[in-house]
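**Q** Kindly generate the corresponding structure for this input.
(one chain, ligands or ions: 1)
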Amino acid sequence: MTVVNRFFNYVSFDTQSDETATATPSTAKQMVLAKALKAEAEAMGLTEISLDEHAYLMATLPANTEAKIPTIGFIAHLDTSPDMSGANVKPRIVENYDGKDILLNEKENIILSPSMFPELRNHIGEDLIVTDGTTLLGADDKAGIAEIMTAVQYLIDHPEIKHGKIRIAFNPDEEIGMGASKFDVEKFGCEWAYTIDGGEAGELEYENFNAAGVKVRIKGRNVHPGYAKNKMLNASLIALQLAGMLPPQERPEHTEGYEGFFHLTGMTGTVEEATLSYIVRDHDQDKFERRLKRLQDITAYLNTIYPDDTVALEIKQQYRNMREIVEPKKHIVDLAENAMKEIGLTPLVRPIRGGTDGAQLSFKGLPCPNIFAGGLNFHGRYEWIPVQSMEKAVKVIVKIVELLNKI
Ligand SMILES: [Zn+2]
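**A** Residues are numbered from 1 along each chain as shown. As a prediction, this is how the structure comes out:
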C-alpha cells in the first residue's frame, strides 16, 4: 500500500477531539481509528502491540541485527482539530499542479488560491491533496501516521537495511494539548523519539515557547456617578491602564522568530470588576521570567496608587521549551538533519511559535524533536498536502533508521 492509499484510508475516520471533554480519549471515535491501526500493525507482523483504554497505541518493529543500536521511536497523533469538522472528508488529488487557483467547491465557490497562500507556488508540478472545502483534510496528523506506517512497511520489505529496535506510537488528543498526558514513556522504552507532525517538507523543530497563562483580576468601587468624586474606582479603566503599560510592539501581531510576546486573549469589565486574560510566550527562559516579573511589577505599582488589593495576578505555567532537554543530546537533531540532507532535502530548522507534544514528552524523559509531515494550512478547509512531501517524509524516517546503524 502506498502512503497516499494509507492516508486516504485514515482521513475517512472522523477523529475530531473535544476540548470540553475530561476523559482520554476526549472522543470515542479516536479509539475506532486506533483499533484499525492496531489490526494493521498485527497484519504487518509488528510485535509488542499494545492499545490501552486511553487510545495510546504502541508497536515494535524488531531489530534485524545483533549490533548494539539505540531504540528510537516515531510518534504521530490520531485526532484532528476541534476547529473544523473532520467528518466525511472527501480528499481529492490535483495532479501536476499548474500554479493557478484550485476550485475546492463549485457550489459554495470555495477557492484555494496562491494569492492567499503563496506557498502553493513552491509546489508547482507536484500532486496536491486537497479537501472539498467543507471539512479540514486531516493531514495534521494522519499524514504523520501514514508516513510512519509506510516507512515501517518499507523496512520490513527491505531486510538489507539493518536496524535496531524501532518503536511506533499513535496518541489521542494532541490538538487539545493532552497528547502527552497519559503517554507511558517507560513502556515506550526509547532513548529518544521524533514526532512526525510538522508542516512544510524539511521542517525540523526542537525549540518551542516557554508558556504561561495569566489572569488579572481588578476590583473596583462603584458609587453613583453623580456623587463619585474621590470615591469611585473604575475597574475597567484600571484594566485599560494596565494593558497600556505593556509594550505594544511585543504582541503576536508584531513579532516573529525568537521574539516573545504578551497576548491579551480576553477581557471583561464593569465599574465594579474587570479581568484581563493574557498568554505570555518566550523561547528564552530568562526573558520569559522577566516578562512575568514585569507583570508583577506593574501589579505592584498599581496597588501603590490604588488601594493595595485592587489588582490581583494569577500566573499558570503551561509548558516549557524542550531545547534545554534536547540540546545536550544534539546528535538526535543532527541525525534527522543528516537524514534530510542525504535524501536531497534542505533542513529548515526553526523555533516553534507554540508548543508540541514533543516538548511535554521531552520533560517526561523522552527527548522528542518534531519532523515535518508535509501538510499546510492546518485546522481548516484550506488544508492541503503534496504527495511528494509525504513521500519525502517516508524517506526521512527510513534514512534516520538506516543512519542510526552507522553511528
Ligand atoms: Zn498536529
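
**Q** all helices of the stretch 151-300 of the chain, in order?
**A** Here the stretch 151-300 of the chain has its helices, by DSSP state H, counting those that start in this stretch, at 185-188, 235-244, 285-305.

**Q** who's in contact with the residue nearest the centre of the chain?
**A** When the chain is reduced to its mean C-alpha position, the closest residue under C-alpha atoms, centre = their mean turns out to be residue 356, at 4.5 Å. Shown in contact with residue 356 (C-beta atoms under 8 Å, 6 or more residues apart in numbering): 195, 197, 205, 208, 322, 370. C-beta: built from backbone N, CA, C; applies to glycine.

**Q** Intersect those with the contacts of the ion.
**A** Restricting the contacts of residue 356 to those near the ion by C-beta under 5 Å from the ion leaves residue 197.

**Q** so can I have TSV of the helices of the stretch 151-300 of the chain showing mean neighbour count?
**A** Below are those laid out as TSV (neighbours: other C-beta atoms under 10 Å):
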stretch	mean neighbour count
helix 185-188	15
helix 235-244	18
helix 285-305	15
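
**Q** so which of the ones you listed comes closest to residue 312?
**A** Proximity to residue 312 (C-beta to C-beta) singles out helix 285-305 among the helices of the stretch 151-300 of the chain, at 7.5 Å.

**Q** what does the average pLDDT come to for the closest one?
**A** Averaging pLDDT along helix 285-305 gives 97.

**Q** can I get the CA coordinates of it in CSV?
**A** Only the C-alpha atoms of helix 285-305 are listed here, as CSV (Å, rounded to 0.1, in the frame of the first residue of the first chain):
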residue,chain,number,x,y,z
GLN,A,285,13.8,31.2,29.8
ASP,A,286,15.4,34.4,31.3
LYS,A,287,13.3,36.7,29.0
PHE,A,288,10.3,34.6,29.8
GLU,A,289,10.8,35.1,33.5
ARG,A,290,11.4,38.8,33.0
ARG,A,291,8.1,39.1,31.2
LEU,A,292,6.3,37.5,34.2
LYS,A,293,8.2,39.8,36.5
ARG,A,294,7.2,42.8,34.5
LEU,A,295,3.5,41.9,35.0
GLN,A,296,4.2,41.5,38.8
ASP,A,297,5.9,44.9,38.9
ILE,A,298,3.0,46.6,37.1
THR,A,299,0.6,45.0,39.5
ALA,A,300,2.6,46.1,42.5
TYR,A,301,2.8,49.7,41.1
LEU,A,302,-1.0,49.9,40.5
ASN,A,303,-1.5,48.7,44.0
THR,A,304,0.5,51.6,45.3
ILE,A,305,-1.6,54.2,43.6
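
**Q** re the thing from before, for the ion, see how far away the residue nearest to the centre of the chain is.
**A** Residue 356 sits at a distance of 8 Å from the ion (criterion: C-beta to the ion, to the nearest Å).

**Q** can you tell me which of the helices of the stretch 151-300 of the chain comes nearest to residue 119?
**A** Nearest to residue 119 among the helices of the stretch 151-300 of the chain is helix 285-305; the distance by C-beta to C-beta comes to 29.9 Å.

**Q** could you say what helices and strands that closest one packs with?
**A** strand 210-219, helix 235-244, strand 273-282, strand 311-319 (3 or more C-beta pairs under 8 Å, 6 or more residues apart in numbering; DSSP states H and E).

**Q** the inter-axis angle of it versus strand 273-282?
**A** Orientation of helix 285-305 against strand 273-282 (axes from the mean of the first three to the mean of the last three C-alpha atoms, to 10 degrees) gives an angle of 160 degrees.

**Q** Alongside the ion, which residues does the stretch 51-200 of the chain contribute?
**A** So far as C-beta under 5 Å from the ion goes, the stretch 51-200 of the chain lies against the ion at 140-141, 197.

**Q** at 8 Å what do you get?
**A** 77, 140-141, 144, 174-175, 197 (C-beta under 8 Å from the ion).

**Q** Same list, those, but as a markdown table with neighbour count please.
**A** Formatted as a markdown table, these follow (neighbours: other C-beta under 10 Å):
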| residue | neighbour count |
| --- | --- |
| 77 | 26 |
| 140 | 27 |
| 141 | 32 |
| 144 | 33 |
| 174 | 26 |
| 175 | 25 |
| 197 | 26 |
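
**Q** Spatially, which two of these are the most separated?
**A** The widest separation within these (C-beta to C-beta) is 12.8 Å, between 144 and 175.

**Q** and for these two, which residues touch both?
**A** Contact criterion C-beta under 8 Å, 6+ apart; residues shared by residue 144 and residue 175: residue 77.

**Q** Now mean pLDDT and distance to the ion too, for the helices and strands packed on helix 285-305, in JSON lines please.
**A** Output for the helices and strands packed on helix 285-305, formatted as JSON lines (pLDDT from 0 to 100; distance: least, C-beta to the ion, whole Å):
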{"stretch": "strand 210-219", "mean pLDDT": "96", "distance to the ion": "17"}
{"stretch": "helix 235-244", "mean pLDDT": "98", "distance to the ion": "32"}
{"stretch": "strand 273-282", "mean pLDDT": "97", "distance to the ion": "19"}
{"stretch": "strand 311-319", "mean pLDDT": "94", "distance to the ion": "15"}
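
**Q** And these: which comes nearest residue 36?
**A** Closest among those, using C-beta to C-beta: strand 311-319, at 30.7 Å.

**Q** where's residue 22, which helix or strand?
**A** Using DSSP states H and E, residue 22 is not contained in any helix or strand.

**Q** The residue lying closest to residue 398 once chain neighbours are set aside: neighbour count?
**A** Spatially, and ignoring its direct neighbours in sequence, residue 398 is nearest to residue 151 (5.1 Å; C-beta to C-beta, 6 or more residues apart in numbering). Neighbour count for residue 151, taken as other C-beta atoms under 10 Å: 25.
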